[in-house]
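Colleague: Provide a 3D model corresponding to the input given below.
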Amino acid sequence: MLNVESSTPSSLATDAAPDTAGPAATPGSHVRARTGIWFIGARGSVAATATVGLLAIQRGLAPTDGLVSELPDVAAADLVPLTDLVIGGHDVAQHTVAEQAANLARSGVIPYGLPDQLAAELAEVEARIRPGVAAGVPQRAGIEQLVRDLTAFRDENGLNRVVVVDVSSTEPPVVPSPALDDLATLEAELDGGGSPLPISSLYAYAAFRAGFPLAAFTPSTGPACGALDALARELGIPWAGRDGKTGETLVKSALAPLFGRRALRVNSWTAMNILGGGDGETLSDPEAAKSKTTTKGLTVSTILGYPVEGPVRIDYVADQGDWKTAWDHISFSGFLGTRMTMQFTWQGADSALAAPLVLDLVRLLDRAHDAGQSGPLSALGFFFKEPLAGRSHALDEQWHSLVDWIGELPARSTASAAASAAPATQPTP
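Modeller: From the prediction side, this is the model:
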């Protein structure tokens, strides 16, 4: 994962309207409306898994299992083809995407030997990764660098638009401040040489100023503050968040409605998690873990409509690598107050669970931007532990909201429609 606080700055003015036009077409030419994926944390496990997976699908080396956007009800949205996605990103880690992919292959998260088969493509992705913002640089200057990197990625690769995805390391919760709440106050502090934004929000601000949609896949603050929400709405940029729903919380969001609809009262729901890897190491910091346990703890009480006792713990065990084990103990009461229990164990590879959702969100945010939508998209709450602007945490209700939203989308704009007919390449027999 990524610590985005050290790198090398440069400059570019950002106080103009977002540059969303994309590359100009040569008269008479046919332009494929390709879309860029820009990972914040491009050399981390989630981004590396998504990168290898996408490249393998494009080469016909892997099926599209795990991609919600390939299900008929979602594919009906006329999404950008997987073959027309191009990856770049920011990171300050010293290893390469290929090296991270090789580590994931050794641990069994991705098929062994696949990174070697994709060596040339991974090298091309590596060449499109830029350093993050250096610690101590005034944030306005840092934003200028980030916007320059984003727009250069679009222009140099002939992209119609870019979707930014934050898969960087989880930050501790932030202390509320006037600059986070109010856009005018934020702009004044940035112009005065201040640095009022948490790092995740700095990157979100830059994405919006560049004119690009954003998926906040971590529990960090990111765009989830009043000032940045106002900026996204002002500039007509859609975003979705936050904290990707990949494993234990996914099960909770499907299972908790069962108790409610069967009139069984949940007395306590205890959740214990162990994991290794970069994410686990980051969450070994109690302050960073607080962001994650907060979003993980929202689901059950919100679905059932009453407080439910029970801790949510996350413990780092280096031996687990990128694999995570969750054990949940549920105490509930039925007719005549009879007490009963249910337990389940979830074991999975976090990166392999998260990676396809990242690709889904890119395709759906690209479509929302094309449709002229802006601000937080409640319909994409299906993908998140904390569905911002959403009304439900229950998985089935979120699914119906997503499908209903897809059914209401207008036809694609003329500039984007040409590329949407080509299916993803399927693996060769």
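
Colleague: neighbours around residue 67, how many?
Modeller: Look at residue 67: counted by other Cβ atoms under 10 Å, it has 21 neighbours. For every residue, glycine as well, the C-beta is placed using N, CA and C.

Colleague: what's the answer for residue 77, then?
Modeller: 22.

Colleague: could you do residue 95 as well?
Modeller: Residue 95, neighbours per other Cβ under 10 Å, totals 12.

Colleague: same question for residue 318.
Modeller: Residue 318: 11 neighbours (other Cβ under 10 Å).

Colleague: now do the phi/psi pair for it.
Modeller: Main-chain dihedrals, residue 318, degrees, to the nearest 10: phi -60, psi -30.

Colleague: what about it, distance to residue 401?
Modeller: 39 Å (Cβ to Cβ, to the nearest Å).

Colleague: and residue 157, by the same measure?
Modeller: Between residue 157 and residue 401 the distance, using Cβ to Cβ, works out to 33 Å.

Colleague: more neighbours: which of these two?
Modeller: More crowded of residue 157 and residue 401, by other Cβ under 10 Å: residue 401, with 19 against 15.

Colleague: so for the helix or strand the more buried one falls within, what gets flagged as buried?
Modeller: Per DSSP states H and E, residue 401 falls inside helix 395-408. By 16 or more other Cβ atoms under 10 Å, the buried positions in helix 395-408 come out as 395, 397, 398, 399, 401, 402, 403, 405, 406.

Colleague: now do stretch 239-259
Modeller: 239-253, 255-257, 259.

Colleague: in helices only, show me those.
Modeller: 248, 249, 250, 251, 252, 253, 255, 256, 257, 259 (DSSP state H).

Colleague: from the chain's centre, how far out does the helix holding residue 401 sit?
Modeller: 19 Å (Cα atoms, centre = their mean, to the nearest Å).

Colleague: tell me the mean pLDDT for it?
Modeller: Helix 395-408 carries an average pLDDT of 97.

Colleague: one more: stretch 129-147?
Modeller: On average, stretch 129-147 scores 92.

Colleague: list the residues that contact residue 331.
Modeller: Contact partners of residue 331, counting by Cβ atoms under 8 Å, 6 or more residues apart in numbering, are 266, 267, 268, 269, 339, 340, 341.

Colleague: count of residues packed around residue 102?
Modeller: 22.

Colleague: can you give me phi and psi for it?
Modeller: phi -60, psi -40.

Colleague: quick check: pLDDT value at it.
Modeller: pLDDT, residue 102: 97.

Colleague: quick check: nearest residue in space to it, chain neighbours excluded?
Modeller: residue 115 (5.1 Å; Cβ to Cβ, 6 or more residues apart in numbering).

Colleague: contact partners of the host helix or strand of the one you found?
Modeller: Taking DSSP H and E as the definition, residue 115 sits inside helix 114-117. Residues outside helix 114-117 that contact it (Cβ under 8 Å, 6+ apart) are 52, 56, 59, 61, 62, 98, 101, 102, 105, 122.

Colleague: looks like the first one contacts residue 103 (just checking).
Modeller: No - no contact is recorded between residue 52 and residue 103 when judged using Cβ atoms under 8 Å, the distance being 11.5 Å.

Colleague: show me the shaky parts of this protein.
Modeller: 1-32, 278-297, 414-429 (pLDDT under 70).

Colleague: middle-most residue in it, spatially?
Modeller: residue 217 (2.9 Å; Cα atoms, centre = their mean).

Colleague: distance of residue 166 relative to residue 153?
Modeller: Distance, residue 166 to residue 153, by Cβ to Cβ: 16 Å.

Colleague: neighbour count: these two, which is higher?
Modeller: Neighbours per residue (other Cβ under 10 Å) separate residue 166 from residue 153, with residue 166 holding more: 27 against 23.

Colleague: for that one, give me its contacts.
Modeller: 40, 41, 200, 203, 204, 214, 215, 216, 217, 218, 220, 222.

Colleague: in helices, which of those fall?
Modeller: Filtering these for helices - DSSP H - leaves 200, 203, 204.

Colleague: number of residues surrounding the second one?
Modeller: This means residue 203. Residues near residue 203, counting by other Cβ under 10 Å: 30.

Colleague: with the last one instead?
Modeller: Residue 204: 30 surrounding residues under other Cβ under 10 Å.

Colleague: doesn't residue 227 make contact with it?
Modeller: No - the criterion here is Cβ under 8 Å, and residue 204 misses it with residue 227 at 10.3 Å.

Colleague: just checking, residue 224 touches residue 214?
Modeller: No - Residue 224 is beyond contact range of residue 214, at 10.7 Å (criterion: Cβ under 8 Å).

Colleague: between the two, which one's more packed in?
Modeller: Legend: neighbour count by other Cβ under 10 Å for residue 224 and residue 214, higher for residue 214 (29 against 23).

Colleague: how near is that one to residue 89?
Modeller: Residue 214 sits 13 Å away from residue 89, going by Cβ to Cβ.

Colleague: about what we covered before: for burial, what's the neighbour tally of the residue nearest to residue 102?
Modeller: Residue 115: 26 neighbours (other Cβ under 10 Å).
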